[in-house]
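S.K.: sequence first, then the predicted structure:
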Amino acid sequence: MIVAHDGVEGTQIYNNGFNFDLVITDINMPEMNGNEVAKYIRASHKPDTPILAASRSPYGIEKEYFNFVLIKPFKLENLLDILRILEIKPEHVDNAVSL
């Protein structure tokens, strides 16, 4: 798992040639918000990368850019369900970026 501190750093990491199994992004971030990150990924050379939005509120999430949405606080089991859907084994969460 790779953690970025904001959307700008996250998109820079995303461009470094990694093949991420999942991108998890908060919606409310400085510099570049989660919606902007998702739009960036959808317009990139890897537009099919699964993206999960995490937010305290469902309002303001541009859902058409996200595969999954979790409202905080969420249960770990909800995240594990998404990993199962994507066939990512939790013990192998090496190819994810969290923003």
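M.R.: That came in fine, so what should we check first? Numbering: from 1, shown residues only.

S.K.: three-state assignment of Pro58?
M.R.: Pro58 carries the three-state label coil when classified by DSSP: H, G, I helix; E, B strand; the rest coil.

S.K.: that one: how many residues sit nearby?
M.R.: 11 (other CB atoms under 10 Å). All C-beta atoms are positioned from the backbone trio N, CA, C, and that covers glycine.

S.K.: hmm, it is touching Val69, no?
M.R.: Yes - applying CB atoms under 8 Å, one finds Pro58 in contact with Val69, separated by 6.8 Å.

S.K.: how about the secondary structure of the spatially most central residue of the chain?
M.R.: Nearest to the mean C-alpha position of the chain, by CA atoms, centre = their mean, lies Ile24 at 2.2 Å. The three-state label given to Ile24 by three-state DSSP is strand.

S.K.: kindly report the same for the one 5 residues further on.
M.R.: Assigned state for Met29: coil (three-state reduction, three-state DSSP).

S.K.: run the angle between the host helix or strand of Ala53 and strand 22-26 for me.
M.R.: Element membership of Ala53, judged by DSSP states H and E, is strand 51-55. With axes from the mean of the first three to the mean of the last three CA atoms, to 10 degrees defining the directions, strand 51-55 sits at 20 degrees from strand 22-26.

S.K.: any weak-confidence spans in this structure?
M.R.: Low-confidence regions of the chain, defined by pLDDT under 70, span residues 90-99.

S.K.: swap in 80 and give it another go.
M.R.: Within the chain, the ranges that satisfy pLDDT under 80 run 17-18, 89-99.

S.K.: ok so, going back, which parts of the helix or strand that the strand holding Ala53 is followed by are buried?
M.R.: Where DSSP H and E defines the elements, the next helix or strand beyond strand 51-55 is strand 68-71. Neighbour-count burial for strand 68-71 flags 68, 70 (criterion: 16 or more other CB atoms under 10 Å).
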